[in-house]
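A structural model of the following input is requested.
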Amino acid sequence: MLVIRAVLATLIMIALFFAGVVPAKAAIIIGGLLLLTRRVKSRRVYAEIDWSLLLMFAGLFIIVAGAQHALLSPTPLRPWAGFISTKFPCSAP
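Numbering: from 1, shown residues only. Alright, predicted model coming up:
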């Protein structure tokens, strides 16, 4: 029964991809359907989750996104543009 559900979920996921559904949305849909058709109690599943590790990764993604937005945007690099272009000339036209 589990193999049938897994194959069916995979086929539906592939169909959703080809239908143009955003992958994250398709994953949420399939994950929700699989959660509705499970035999394991929710408490057992939640007990197995390492919440501190999950929180650490969520914080890491937030910090990386903030650093990417603040440090890699063109505004902070604008004063260095002249220096970089003279010291490291580009061969592109």
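
Could you list the low-pLDDT ranges of this structure?
Applying pLDDT under 70 to the chain picks out residues 73-93.

can you give me the helices in it?
2-18, 23-36, 42-48, 51-71, 74-77, 81-87 (DSSP state H).

Format those helices as JSON lines; extra columns: mean neighbour count.
All C-beta spots, glycine's among them, are computed from the backbone N, C-alpha and C. Putting those into JSON lines (neighbours: other Cβ atoms under 10 Å) gives the following:
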{"stretch": "helix 2-18", "mean neighbour count": "12"}
{"stretch": "helix 23-36", "mean neighbour count": "12"}
{"stretch": "helix 42-48", "mean neighbour count": "9"}
{"stretch": "helix 51-71", "mean neighbour count": "10"}
{"stretch": "helix 74-77", "mean neighbour count": "9"}
{"stretch": "helix 81-87", "mean neighbour count": "9"}
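
how close does the most centrally placed residue in the chain sit to Met13?
Nearest residue to the geometric centre of the chain (Cα atoms, centre = their mean): Ala24, 7.9 Å. Ala24 sits at a distance of 12 Å from Met13 (criterion: Cβ to Cβ, to the nearest Å).

who are the neighbours in contact with Thr37?
Going by Cβ atoms under 8 Å, 6 or more residues apart in numbering, Thr37 touches Arg5.

Recalculate using a threshold of 10 Å.
Met1, Arg5, Leu8, Ala9 (Cβ atoms under 10 Å, 6 or more residues apart in numbering).

just checking, Ala15 touches Val21?
Yes. Applying Cβ atoms under 10 Å as the test, Ala15 and Val21 come out as touching, 8.9 Å apart.

residues making contact with stretch 46-63?
With contacts defined as Cβ under 10 Å, 6+ apart, stretch 46-63 is touched by Val40, Lys41.

again, only this time at 7 Å
With contacts defined as Cβ atoms under 7 Å, 6 or more residues apart in numbering, stretch 46-63 is touched by no residue outside it.

Quickly list the domain ranges of this structure.
1-48, 50-79 (automatic domain parsing).

Correct me if wrong: Phe17 contacts Ala26.
Yes. Counting by Cβ atoms under 7 Å, Phe17 does reach Ala26; the two are 6.3 Å apart.
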